[in-house]
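Asks: show me the folded form of this:
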Amino acid sequence: MTLYQNIYVRQENGSQLLAILIDPEKFEMEHAFAKAYLEKIPPQTTHLLVGGSTDCQNRTHDVVLLLKKHTTLPILLFPGNHHQISSAADGILFLSLLSGRNAEYLIGQQIKAAPVLAQTSLEVIPTGYILIDGESHTAVARVSNTLPMSQKNIPEIVHTALAGQFLGKQCIYLEAGSGARTPVSSAIVNAVRQAIDIPVIVGGGIRSRLQMEAAFEAGATMVVIGTAFEEDCWNALS
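Replies: Residues are numbered from 1 along each chain as shown. Modelled structure (predicted):
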């Protein structure tokens, strides 16, 4: 079974998927740190995501290699640009920024990544990426030079997600942004879940177990925890 098939099947049977997002720029490149870090992740964690809006030191590949020495969890790349590709990962969320109108992040970066991906055995999972206003200025908005979608405009968010499905995306990622003060609302998650058939991934601003459970109850297939886990490994989901 492929990574995507596993995600889709888990969605169909109502299982909850939890991913920890690791930013290569913030991860310490030491075996002891990596081992201790992974020992602290919640036992229900099903995936690791590696990536960020930037990776100025080109550490993505080295971080993936280090993680592979200490975990059997599947590692999915979550790239901010075409340089953040590692053949050592298991797969890649091949992101297309559907919420913005910057062609570079809608298709430009994907064209640059295509010949690199063709030389790897990575499983490519086409993913529609929708940036939603989390009441903070995010690195995604800054780097992509796009604006997030208002949480009040649920119909437009739903139509964007539906367009992504019609374009052939295999997942829709609803993102409030790293360090968001407000996560994607349950109303948005539920409305998107009702409108599309493909898995819904939700991330950004989720800092408690209650927020995580609210996202699952609203219909999220996978919830992604990033900043909260970085700041407090022991209590991120308490």
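
Asks: average pLDDT across the host helix or strand of residue 127?
Replies: Using DSSP states H and E, residue 127 maps to strand 123-131. Here strand 123-131 scores 98 as its mean pLDDT.

Asks: make residue 1 into 127 and carry on from there
Replies: OK, 127 is where the count begins now, so the last one is strand 249-257.

Asks: next structured bit after the longest helix seen in the chain?
Replies: Using DSSP state H to define each element, the chain has its longest helix at helix 280-292. Scanning forward in sequence from helix 280-292 by DSSP H and E, the next helix or strand is strand 297-301.

Asks: how far does that next one sit from the chain's center?
Replies: Taking the mean of its C-alpha atoms, strand 297-301 sits 7 Å from the chain's own mean (Cα atoms, centre = their mean, to the nearest Å).

Asks: residues in contact with the helix or strand following it?
Replies: As assigned by DSSP H and E, the chain's next helix or strand after strand 297-301 is helix 312-321. With contact meaning Cβ atoms under 8 Å, 6 or more residues apart in numbering, helix 312-321 is reached by 258, 277, 280, 283-284, 287-288, 298, 300, 326, 328, 340-341, 343-346. C-beta coordinates here come from the backbone N, C-alpha and C atoms, glycine included.

Asks: next: stretch 184-198.
Replies: With Cβ under 8 Å, 6+ apart as the test, stretch 184-198 has contacts from 148, 150-151, 153, 155, 157, 160-161, 164, 174, 176-177, 201, 203, 205, 209-215.

Asks: follow-up on the earlier one: buried residues, the longest helix of the chain. List them.
Replies: Using 16 or more other Cβ atoms under 10 Å as the test for burial, helix 280-292 gives 280, 283-284, 286-288, 290-291.

Asks: same for that helix, what does it pack against?
Replies: The elements that helix 280-292 packs onto, with contact taken as 3 or more Cβ pairs under 8 Å, 6 or more residues apart in numbering; DSSP states H and E, are strand 249-257, strand 297-301, helix 312-321.

Asks: and stretch 340-357, what's buried?
Replies: Buried-residue list, stretch 340-357, by 16+ other Cβ under 10 Å: 340-342, 344-356.

Asks: from those residues, pick the one nearest residue 138.
Replies: Of all the buried residues of stretch 340-357, residue 138 sits closest to residue 347, with 9.5 Å by Cβ to Cβ.

Asks: which residues does the closest one contact?
Replies: Counted by Cβ under 8 Å, 6+ apart, residue 347 has contacts 133, 136-137, 143, 297, 325-327.

Asks: adding pLDDT and distance to residue 336, write those out as JSON lines.
Replies: Listed next are the contacts of residue 347 as JSON lines, based on pLDDT from 0 to 100; distance: Cβ to Cβ, whole Å:
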{"residue": "133", "pLDDT": "97", "distance to residue 336": "24"}
{"residue": "136", "pLDDT": "93", "distance to residue 336": "22"}
{"residue": "137", "pLDDT": "92", "distance to residue 336": "22"}
{"residue": "143", "pLDDT": "98", "distance to residue 336": "18"}
{"residue": "297", "pLDDT": "98", "distance to residue 336": "24"}
{"residue": "325", "pLDDT": "98", "distance to residue 336": "22"}
{"residue": "326", "pLDDT": "98", "distance to residue 336": "19"}
{"residue": "327", "pLDDT": "98", "distance to residue 336": "19"}
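
Asks: show me which of those is closest to residue 224.
Replies: residue 297 (11.7 Å).

Asks: how many neighbours does that closest one have?
Replies: 25 (other Cβ atoms under 10 Å).
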